[in-house]
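Q: Just a sequence and a predicted model for now, questions to come.
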Amino acid sequence: MKIANRFKAAIAGIVAVGALAIGATAQAVPYDPNQAFGAGYGDAANPAVITINQTGGFFQDTINFDLGAFTHFNMTSATTGLSQWFGASIFENVNDSQVPGGGAATSFTSFALADLGIAMPTGDYHLHPAGVGGSGGSYTLTMWGSTAAPVPVPAAVYLFGSGLIGLVGLARRKMSA
């Protein structure tokens with residue numbers, strides 16, 4: 001009896017996965033693949049904004065991008081009418097491998113991506129927005145490149161430097177006296 005129930009559960013699982021696979025839609029999202037991120041396009045002041053409408057069911061889209069001279073990728077997403085979940089993972093266009101730490105997130109902030117030297121229109125990376133869409137659902141991605149922010153010098157370094165200058169001043173005063 002136990003074996004029969006397990007067998008029925010396994011068959012039901014396979015049927016469910018098959019139904020999802022049949023109902024899945026995958027599309028290449030309209031995107032200007034001949035323009036890499038740079039000043040005036042894809043920077044913080046002028047991000048690339050893409051809105052995609054879904055017809056329903058499971059979807060996984062592909063968006064190719066090239067950061068140009070930028071070293072970090074930023075993305076925010078907004079969804080309307082999508083049910084259950086939405087996320088976007090980053091893959092390299094070399095061997096189609098997922099970027100470590102670039103799981104299916106809804107946003108990325110200053111995420112470091114190396115320049116792989118892949119020319120447009122393919123681009124160095126592709127983003128895979130995926131989720132479950134309701135009837136008439138959509139998502140909007142706002143993407144831009146950036147460079148690493150300079151590391152601030154902690155106050156302790158300034159304090160140490162001013163103390164060192166003070167000690168040098170005291171030593172000179174002692175020597176001249």
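A: Looks like it arrived, so ask away.

Q: Surely Phe160 forms part of a helix?
A: Yes: assessed by DSSP: H, G, I helix; E, B strand; the rest coil, Phe160 belongs to a helix.

Q: In the protein, which residue is most central in space?
A: Phe108 (4.4 Å; Cα atoms, centre = their mean).

Q: quick one: pLDDT of that residue?
A: For Phe108, the pLDDT comes out at 91.

Q: ok, it to Ala171 distance?
A: Note on Phe108: its distance to Ala171, by Cβ to Cβ, to the nearest Å, is 52 Å. Glycine gets a C-beta too; all of them are placed from N, C-alpha and C.

Q: and if you look at Asn74?
A: 50 Å.

Q: ok, the two, which is more surrounded?
A: More neighbours surround Asn74 than the other of Asn74 and Ala171, with 19 against 10 (other Cβ atoms under 10 Å).

Q: Would you confirm that that one contacts Ala112?
A: No: the criterion here is Cβ atoms under 8 Å, and Asn74 misses it with Ala112 at 11.1 Å.

Q: Can you show me the strands along this structure?
A: 25-28, 48-53, 57-65, 72-92, 108-112, 125-146 (DSSP state E).

Q: Kindly reformat these as JSON lines and extend each row with distance to Leu164.
A: Formatted as JSON lines, the strands of the chain follow (distance: least, Cβ to Cβ, whole Å):
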{"stretch": "strand 25-28", "distance to Leu164": "60"}
{"stretch": "strand 48-53", "distance to Leu164": "48"}
{"stretch": "strand 57-65", "distance to Leu164": "47"}
{"stretch": "strand 72-92", "distance to Leu164": "35"}
{"stretch": "strand 108-112", "distance to Leu164": "34"}
{"stretch": "strand 125-146", "distance to Leu164": "35"}
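
Q: CA atoms only for stretch 66-83, dumped as CSV, please.
A: Taking C-alpha atoms only, stretch 66-83 is exported to CSV below (Å, rounded to 0.1, in the frame of the first residue of the first chain):
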residue,chain,number,x,y,z
ASP,A,66,27.2,44.9,-21.6
LEU,A,67,28.4,47.2,-18.8
GLY,A,68,30.9,49.0,-21.1
ALA,A,69,33.4,50.8,-18.9
PHE,A,70,31.3,50.2,-15.7
THR,A,71,32.4,47.6,-13.2
HIS,A,72,29.2,47.1,-11.2
PHE,A,73,25.6,46.3,-12.1
ASN,A,74,22.5,47.8,-10.5
MET,A,75,18.9,46.8,-11.0
THR,A,76,15.5,47.4,-9.4
SER,A,77,12.3,45.7,-10.4
ALA,A,78,8.6,46.6,-10.0
THR,A,79,5.9,44.0,-10.7
THR,A,80,2.2,44.3,-11.4
GLY,A,81,-0.2,41.4,-11.4
LEU,A,82,2.5,38.7,-11.1
SER,A,83,1.5,36.0,-8.6
